[in-house]
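Q: Predicted structure and sequence below. I'll ask about it afterward.
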Amino acid sequence: MTEADRPESPAFGIALEGLRRWPDVEAPNLFAVDASDRLILDTAAEAIAANPNGVLVVDDNYGALTLGAIALGAHDVRVLQDSVVAERALAANAGDWRSDHRNVSLADDLSASVVLWQLPRSLDRVDDVAWRLANAGVDTVFAGGRIKHMTPRMNEVLGRHFGRLDVTHARQKSRVLVASDPIYSTCRGSVGGPADTTDSGIHLAEAPGVFAQGRLDIGTRAMLAVLNDAMPRAVDVLDLGSGSGILALTIARDRPHTRVLATDVSAAAIDAVRDNASLNGLTNVTALRDDAASTVDANSIDLVLLNPPFHSAGAVHTGIASKLFEAAARVLRPGGELWTVYNSHLSYRAELERVVGATRQVSRTPKFTVTASLVPHP
């Protein structure tokens with residue numbers, strides 16, 4: 001029997017039935033479980049059975065790896081999630097697992113016998129997490145993903161941190177890298193490149209796993225070019241989906257009277273915002289890990305800055321942008337404004353008009369458009 005013909009384990013097959021992506025965007029072409037989840041579980045099944053109390057799951061998209069491991073006999077599963085959306089999706093799929101599922105907990109350390117890891121697309125996050133796992137002395141890492149999102153450099157990076165690396169046969173366009181014999185190193189050594197400084201003098205620390213790797217992307221450049229014109233009277237400003245916080249930091253420095261809040265789903269991004277605020281000596285920036293500003297009070301913000309993603313878990317999809325437009329409309333005060341930068345071909349203006357309010361074009365290039373949307377008074 002070939003790898004491709006091997007049947008799925010009934011145990012974790014049942015566990016994965018009916019999993020949802022919520023609170024992430026849901027659509028007919030977006031799935032909570034994929035072939036790489038199943039291949040990781042299948043490859044690690046014997047190791048899980050031999051070490052049921054030592055399983056760590058890293059970056060589990062919607063809970064498939066965690067719940068699948070439990071179905072395969074794991075008794076003590078610890079979970080490390082970068083995304084708060086992934087964390088909440090796991091909680092929703094497992095029920096109130098903090099109180100009812102004693103064998104699932106958030107990880108406070110990375111020591112483990114078996115690690116199940118859904119590989120991120122960001123090579124510098126692969127490097128950062130692999131370094132942390134190796135230095136925690138884990139035994140075996142089962143790191144998998146869709147082949148189209150994996151590169152040979154991932155093998156190189158894992159090979160720097162583990163003495164042995166085995167590669168499984170492909171199955172359903174997925175593959176698993178099995179790493180063992182961890183190599184302890186005091187030198188973190190990121191592949192993400194050096195820190196950056198924006199044209200306006202904002203200093204940025206390295207940010208493994210954060211969008212644009214903590215450096216200045218061209219969409220943000222388009223927003224920065226017109227940022228001085230963005231509602232000068234604003235006092236409470238929200239950088240929604242902040243990444244490493246370049247927009248938040250710039251407006252906080254240029255307008256010291258403002259109170260700036262940066263929110264992002266990613267723990268790595270929020271750490272980067274805090275590091276960068278400290279690096280630039282800014283005390284009027286607060287960073288909060290949150291999904292679509294869900295914990296920000298309604299009608300509490302004067303100005304929202306937004307550079308929305310147009311993909312979800314590797315699939316091109318504008319649903320996240322729509323979710324963020326609705327979030328901005330909720331948190332903005334009457335008379336407040338949403339300033340959005342987006343790829344010009346996406347043509348978000350009609351949706352912004354409908355969800356937020358009257359929208360004008362601030363600037364436009366063949367690649368990026370910046371718009372300002374005004375929340376009407378009652």
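A: Structure received.
Q: CA atoms for contacts and neighbours, from now on please.
A: Noted.
Q: any idea how far residue 182 is from residue 165?
A: Distance from residue 165 to residue 182, counting by CA to CA, to the nearest Å: 10 Å.
Q: Comparing these two, which shows the higher neighbour count?
A: Neighbour count, other CA atoms under 10 Å: between residue 165 and residue 182, residue 182 has more, with 24 against 17.
Q: just checking, the more buried one touches residue 141?
A: No. Between residue 182 and residue 141 there is no contact under CA atoms under 8 Å: 9.6 Å.
Q: What backbone torsions are found at the nearest residue to residue 60 once chain neighbours are set aside?
A: Leaving aside its sequence neighbours, residue 60 sits nearest to residue 118 (CA to CA, 6 or more residues apart in numbering; 6.0 Å). Backbone torsions of residue 118, given as degrees, to the nearest 10, read phi -80, psi 110.
Q: Quickly list what residue 118 is bridged to.
A: Beta-bridge pairing of residue 118 under DSSP bridges involves residue 144.
Q: What are the boundaries of the helices in this protein?
A: Remark: helices assigned in the chain by DSSP state H are 10-15, 35-50, 64-71, 84-94, 97-100, 123-135, 152-161, 218-224, 246-254, 267-279, 319-331, 349-355.
Q: most tightly surrounded among the ones you listed?
A: helix 64-71 (a mean of 25; mean count of other CA atoms under 10 Å).
Q: Let me see the residues that make contact with that one.
A: Under the criterion CA atoms under 8 Å, 6 or more residues apart in numbering, residues 11-13, 15-16, 19, 32-33, 37, 40-41, 45, 48, 57, 60, 77, 79, 94, 104, 116 lie in contact with helix 64-71.
Q: Strands of the stretch 201-350 of the chain, residue ranges please.
A: In the stretch 201-350 of the chain, the strands defined using DSSP state E, counting those that start in this stretch lie at 203-204, 236-240, 259-264, 285-289, 301-306, 311-312, 315-316, 332-343.
Q: TSV please, covering these and showing mean neighbour count and mean pLDDT.
A: Listed next are the strands of the stretch 201-350 of the chain as TSV, based on neighbours: other CA atoms under 10 Å; pLDDT from 0 to 100:
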stretch	mean neighbour count	mean pLDDT
strand 203-204	22	87
strand 236-240	25	98
strand 259-264	26	98
strand 285-289	22	97
strand 301-306	26	98
strand 311-312	14	48
strand 315-316	12	47
strand 332-343	23	97
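Q: possible to save these as JSON lines with distance to residue 109?
A: JSON lines is the format used below for the strands of the stretch 201-350 of the chain (distance: least, CA to CA, whole Å):
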{"stretch": "strand 203-204", "distance to residue 109": "27"}
{"stretch": "strand 236-240", "distance to residue 109": "30"}
{"stretch": "strand 259-264", "distance to residue 109": "23"}
{"stretch": "strand 285-289", "distance to residue 109": "20"}
{"stretch": "strand 301-306", "distance to residue 109": "34"}
{"stretch": "strand 311-312", "distance to residue 109": "28"}
{"stretch": "strand 315-316", "distance to residue 109": "31"}
{"stretch": "strand 332-343", "distance to residue 109": "38"}
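Q: Looking at those strands, spot the one closest to residue 170.
A: strand 315-316 (20.5 Å; CA to CA).
Q: Between the two ends of stretch 261-274, how far is it?
A: End-to-end distance for stretch 261-274: 11 Å, by CA to CA.
Q: Could I get the pLDDT score of residue 235?
A: Note for residue 235: predicted pLDDT of 98.
Q: Relative to residue 327, how far out is the residue lying closest to it once chain neighbours are set aside?
A: Nearest residue to residue 235 in three dimensions, chain neighbours excluded: residue 258, at 4.5 Å (CA to CA, 6+ apart). From residue 258 across to residue 327, the span is 21 Å (CA to CA).
Q: Could you find the closest non-adjacent residue to residue 290?
A: Once flanking residues are discounted, residue 290 sits nearest to residue 265: 5.1 Å by CA to CA, 6+ apart.
Q: ok, now which ones touch the one you found?
A: By CA under 8 Å, 6+ apart, the contact list for residue 265 reads 82-85, 241, 289-292.
Q: And residue 168, by the same measure?
A: Neighbours of residue 168 in contact, by CA under 8 Å, 6+ apart: 175-178.
Q: domains of this protein?
A: Using automatic domain parsing, the domains assigned to the chain come out as 3-182, 196-374.
Q: what's the least confident stretch among those domains?
A: Minimum mean pLDDT among those: domain 3-182, a mean of 86.
Q: distance between it and the chain's centre?
A: Distance of domain 3-182 from the chain centroid (CA atoms, centre = their mean, to the nearest Å) equals 15 Å.
Q: Please apply the same query to stretch 291-309.
A: Distance of stretch 291-309 from the chain centroid (CA atoms, centre = their mean) equals 17 Å.
Q: which outside residues touch that stretch?
A: The contact list for stretch 291-309, computed with CA under 8 Å, 6+ apart, reads 84-85, 219-220, 230-231, 234-242, 247, 263-265, 318, 320-321, 323-324, 327-328, 330-342.
Q: Could you work out the end-to-end span of that stretch for me?
A: First-to-last residue span, stretch 291-309, CA to CA: 13 Å.
Q: What of stretch 23-35?
A: End-to-end for stretch 23-35, by CA to CA: 21 Å.
Q: swap in stretch 113-123?
A: End-to-end distance for stretch 113-123: 24 Å, by CA to CA.
Q: And for residue 17, the neighbour number?
A: By the criterion of other CA under 10 Å, residue 17 has 11 neighbours.
Q: Correction: the previous question concerned residue 27.
A: Residue 27 has 10 neighbouring residues, counting by other CA under 10 Å.
Q: Check the gap between it and residue 319 for me.
A: On the measure of CA to CA, residue 27 and residue 319 end up 9 Å apart.
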